[in-house]
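Asks: got a structure for you, letters missing:
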């Protein structure tokens, strides 16, 4: 029998009411809702946690499971990598809040390393996020990026959500699939990308031409602005082209995560990356 085919050995939490029968093991070390005291990344939900468990680059520190989720992991022969603590669902609720859809899985993990701009591949599409702060939007963008085989997402160290909690859940596992490049200065990073041969296309409702009419080439960087205010002026000035997404309806602007999907579809189709 291969190691990954073995049933995982579970460790039951000694937290009060954690399960029926005699309790053994360690008490679950909850540290307050969603956040952690250090740089610990909080991951929850089936797709998010199982993708992290499958990612050899992700170090899992602790894993908390309900009995049902532990049984499902065992049935699907998913290697937990660390000995889990079995807890009742309400203990995970207390950690994350009652509105978090955790499906009985919560992991504490190390953050993934951030690659450098100079490591970006000279092919395909890269997304650049200009101070997009809503973790739901960033997570949804990451999920779309994974669907379109985006090579990386470039974002700022400040004025952007941390790659944990709500963002990770919204990304539905994409956090493990799309490299996240964090930079201190976005304009400087875009200048570097221009020097490396990227066509940097900013997306803005006031763009000079429709994205569908722009001559696109690889490597392509699509630059998305923040909710409401769009691209900052310095970001616009640094992009090779600023384009808009023309639509026939009365509403001329989209939520940034929806705009990302549309731009990725146009870019991937025009570059022959869809098949």
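Replies: Looks like it came in fine. What you see is a predicted model, and the numbers here were worked out from it, not measured in a lab.
Asks: got any ranges where the protein has weak pLDDT?
Replies: Regions of the chain meeting the criterion pLDDT under 70 cover residues 1-38.
Asks: can you give me the strands in it?
Replies: Counting by DSSP state E, the chain has strands at residues 11-12, 41-44, 60-65, 85-86, 105-109, 125-130, 152-156, 180-183, 199-203, 209-210, 220-225, 241-244.
Asks: Let me have the ones you listed in CSV, adding mean neighbour count as columns.
Replies: Where C-beta positions appear, they are placed from N, C-alpha and C, glycine not excepted. Below are these laid out as CSV (neighbours: other Cβ atoms under 10 Å):
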stretch, mean neighbour count
strand 11-12, 18
strand 41-44, 25
strand 60-65, 21
strand 85-86, 22
strand 105-109, 25
strand 125-130, 26
strand 152-156, 23
strand 180-183, 20
strand 199-203, 23
strand 209-210, 12
strand 220-225, 26
strand 241-244, 20
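Asks: Can you tell me which of these is nearest to residue 74?
Replies: Nearest to residue 74 among the strands of the chain is strand 60-65 (10.0 Å), distances taken as Cβ to Cβ.
Asks: Just want the angle from the closest one to strand 105-109.
Replies: 170 degrees (axes from the mean of the first three to the mean of the last three Cα atoms, to 10 degrees).
Asks: Pretty sure residue 57 sits against residue 111.
Replies: No: contact criterion Cβ atoms under 8 Å: residue 57 and residue 111 do not qualify, at 10.6 Å.
Asks: Pick out whichever of those two has more residues nearby.
Replies: It is residue 111, of residue 57 and residue 111, that has more neighbours when counted by other Cβ atoms under 10 Å, with 16 against 10.
Asks: Which residue ranges of the stretch 1-150 of the chain form helices?
Replies: Along the stretch 1-150 of the chain, counting by DSSP state H, counting those that start in this stretch, helices occupy 46-53, 67-75, 89-96, 135-147.
Asks: swap in the stretch 151-275 of the chain?
Replies: Under DSSP H, counting those that start in this stretch, the stretch 151-275 of the chain gives helices at 165-171, 186-195, 233-238, 256-270.
Asks: Dump those helices into TSV; add mean neighbour count as well.
Replies: As requested, the helices of the stretch 151-275 of the chain are exported to TSV (neighbours: other Cβ under 10 Å):
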stretch	mean neighbour count
helix 165-171	25
helix 186-195	18
helix 233-238	16
helix 256-270	19
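Asks: Mind checking these for the one nearest to residue 177?
Replies: Smallest distance to residue 177 across these (Cβ to Cβ): 8.8 Å, for helix 165-171.
Asks: other SSEs contacting the closest one?
Replies: strand 41-44, helix 46-53, helix 135-147 (3 or more Cβ pairs under 8 Å, 6 or more residues apart in numbering; DSSP states H and E).
Asks: elements contacting the first one?
Replies: Using 3+ Cβ pairs under 8 Å, 6+ apart as the contact criterion, the secondary-structure elements in contact with strand 41-44 are helix 89-96, strand 105-109, helix 165-171.
Asks: That concludes my questions; thank you for your assistance.
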